[in-house]
Each structure stands twice: as structure tokens, then as C-alpha cells.
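> predicted model and sequence follow; I will ask about them next.
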Amino acid sequence: MDMEFMIFFLTVLFVGVLQIFIPFITKRSVVFGVSIPYEQVRHPQVIRYKKTYAVITAIITLAVLAVLMIQGQNLNETRQALLGIVFTFGLLLVGLSLYFYFHFKMTKLKQAKKWFGSVKKVYYADLKTRSKDEMLASFVYLIPVIISLGLIALTINLYDQLPSQIPTHWGPNGQPDAFSDKSWMVALGLPIILLIMQLMFYGINVFTKRSGIKINAGNVKSSELRQLRLRKYSSWFLFVVEVLMTLLFAILHLNLLYENIISNLLMMITPIIFLVIVLGGTIWLAIKVGSVDSDLEGKEIIADSVSKKVEGIDEDQYWKGGLFYFNRNDPSIFVEKRFGIGFTINYANPIGYLILVVPIVLIIIITSVF
């Protein structure tokens, strides 16, 4: 089993398994993007929808892995890559299709049962919650920027010594397999792209930290704990990804500046190590956050003086398809996803586009030069 095939196999396996468990690690008052009262989270139909989604996704994932095992190893590297990409996006597309199907079913069930009809809905705010927030300080994300600036300065100093053809892509064996004519943009491309991503990570943490901590009045303690965990561990995970990305780009760029300074073995295994740590970190994040205020919590809804009589505000009107949050009245840039673990942007706030879209556009423009 070659290294490239292993990467694609692990990626497909990870995507499949994660999709199977998503309904059970998402906060329990939101089912397939639809808000429901806490008293209905164990409704037989709700449980049936989740289990059906998981079973169908599991069957498709096993089928895809079987085909990949039987056919994938007999293909060349190009076809392996194509097959891995097709299967990965195919699983995501199947999961998204199933999501929208059950989103529609849950919407109809909620309307038919009139679950929020006789429930008092209120916003819940606790000024003490903000003091419990343990997100990383944003300045920490600027520390890796020093490496990017150092790489840029080093490249400028060594530019005249670079060969006329500069490597821009490395194959699974660690050897360069694509080259571009020498130019300032090609020489500085990697550290500039890295710098853009680092600043994007910094912006994400800054505005996530400023975003509101939304607590459901129907289950205050669990809801608050989940929000605090999500913010804390997401900031740590984002920082680890930034550090790993910095190390990966630094290794690639140093090998560009000083030919063969990095061994082929290290060039080959570094992306594997990066992938394994990121996938492992994603699982760790899903467990730490998904084990609270979800089906995995394994205990009854926590009762308190607030949650006995009321529920949180039903915000379904602001969620398009249960996936896209669009609320002009909410100053938050980032909010918790309704399906899965992590944050999504408030599409009604232009700052979100500035933080995410502009860096991506810049990276696309730079890579088009290569």
C-alpha cells in the first residue's frame, strides 16, 4: 500500500465516519438544522431520523471504502488521486443530500406538532459567562508570522542565486514534479500565501472572541458549557493548524531555496504527519465539544430555575436551509454551526466576507501565477 493511496483512504474513511456521527454530536436542541424544544429531543420520530441518516451514511461509506480497496491500488498515482477526490466529494454530496431530506422532514414534523406553540421563548444572558471564556489570546496567532517574514527576507537575499526553473509542486516521493520560470512572485509565492493564511487565522480568532456566547434558556448549564468548550478548543485547534501549516510551508520553501537541504523521506512523510495530526485534532475537537449538550452526553436534560418553564428563542427564520446564518440584527461575525462542530459566519455581516473571502481570492490570484 503506497503512501498516496493511504492518504486518500484515510481521508475518505475520516469523512465517512464523521458524517455518520454528526447528528449525535450536534447540539440536541437543533436536529438537521431545525430548532426543537428540549422536551422533544427524545421524540421517537426525531431519534428515527437520526438513526436512518447514520445507517444510510454508514452503508455508503463501507461501499466506497470497499471499491477504493479493490480498485484503488491497481491504479496509477493520477487515477488514485482522481478516485480519492471523487469519492471524498461524493460522500460529502451524499451527506448533504441526506441532510436536506431530513431537514425538510424535521421542518414538517415541527410544524405539525406545533412544538413551540405553547412554550415561552426568551433570550438568556449572563454577564459572568464572558469571564469564563478561555479562548487563546489573539496575539498568539501572530507569533508564526515571524517565520513567514523571515522566509520572505531570506528569499529576497538569495534571489539571485536561485535557478532559472523553480519547483512549485512536489510529488508523493518528495521530489519536485512541476516547475515555473524564475520570478519574484514565484520565489515569494509560498511565504506570501502562508502570511495571508496566518493573518486570516488571526482575524478569525479576533472576531470569534468578540462574537456573542449564545446560551439556550431551555438548558442553561449544558448549553453554556458547550459554548465555552467550543470557543476554547476551537481556538486551540485553529492555532495548532496554523503552526503545522507554518512548519509545512517552511520545509517546502527551504527546500526551494537550498536544493536538497531537506531529505526526500522528510519531504514525503511531512504531509502525512500534517494530515494525521489535523484529522486527529478534528476528532479530539468533536469529542470535547460534541460530548456536551448532545445525544452523547448520556444524561437527562439539566433542569434549573430558568429551563423548567421556558425555551430559547427559535431562530429558524435566520437559518437558510439550516446551514446559512443571515441575521442583520446580530453583531456576531461567527456563530456555532447547526449541523456539525465548529463555527460558520453570519452572512449578513460584511466583515465575515472580508476575513474569509478576501484571503482566499488573494491566494487564488497568487497561485494562478505559478
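It's in.

> surely L92 and G16 touch.
No. Taking contacts as CB atoms under 8 Å, L92 lies outside contact range of G16: 9.8 Å. For the C-beta atoms, the positions are set from N, CA and C on the backbone; glycine is no exception.

> so those two - more neighbours on which side?
G16 (23 against 13; other CB atoms under 10 Å).

> how much space separates the more buried one from I56?
12 Å (CB to CB, to the nearest Å).

> and for L83?
For L83 relative to I56 (CB to CB), the value is 22 Å.

> F326: neighbour count?
14.

> isn't it up against T344?
No. Assessed by CB under 8 Å, F326 is found out of contact with T344, at 10.7 Å.

> all strands for the stretch 151-300 of the chain, in order.
165-170, 176-181 (DSSP state E, counting those that start in this stretch).

> for I152, which non-adjacent residue is closest in space?
Taking CB to CB, 6 or more residues apart in numbering, and ignoring the residues beside it in sequence, I152 has P191 as its nearest neighbour in space, at 4.8 Å.

> residues near the one you found, how many?
Around P191 there are 23 residues (other CB under 10 Å).

> contacting residues for it?
By CB atoms under 8 Å, 6 or more residues apart in numbering, the contact list for P191 reads 148, 151-152, 155, 249, 253.

> kindly recompute the last result at 7 Å.
148, 151-152, 155, 253 (CB atoms under 7 Å, 6 or more residues apart in numbering).

> got any ranges where this structure has weak pLDDT?
1-4, 72-73, 75-78, 80, 169-177, 298-309, 369-370 (pLDDT under 70).

> that one: helices as residue ranges?
3-25, 44-71, 77-113, 127-131, 145-158, 184-210, 220-257, 264-290, 350-369 (DSSP state H).

> now these in JSON lines, with distance to E336?
Shown next, in JSON lines, are those (distance: least, CB to CB, whole Å):
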{"stretch": "helix 3-25", "distance to E336": "12"}
{"stretch": "helix 44-71", "distance to E336": "19"}
{"stretch": "helix 77-113", "distance to E336": "17"}
{"stretch": "helix 127-131", "distance to E336": "14"}
{"stretch": "helix 145-158", "distance to E336": "28"}
{"stretch": "helix 184-210", "distance to E336": "10"}
{"stretch": "helix 220-257", "distance to E336": "6"}
{"stretch": "helix 264-290", "distance to E336": "9"}
{"stretch": "helix 350-369", "distance to E336": "14"}
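
> who wins for proximity to V34 among the ones you listed?
Minimum separation from V34 across the helices of the chain (CB to CB) falls at helix 77-113, 4.1 Å.

> that closest one: how far from the chain's middle?
16 Å (CA atoms, centre = their mean, to the nearest Å).

> now stretch 243-251
Worked out by CA atoms, centre = their mean, stretch 243-251 lies 19 Å from the chain centre.

> heads up, I number from 9, so please use that
Happy to do that; since the first residue is 9 now, the last one works out to stretch 251-259.

> next, the buried residues of that stretch.
251-254, 256-259 (16 or more other CB atoms under 10 Å).
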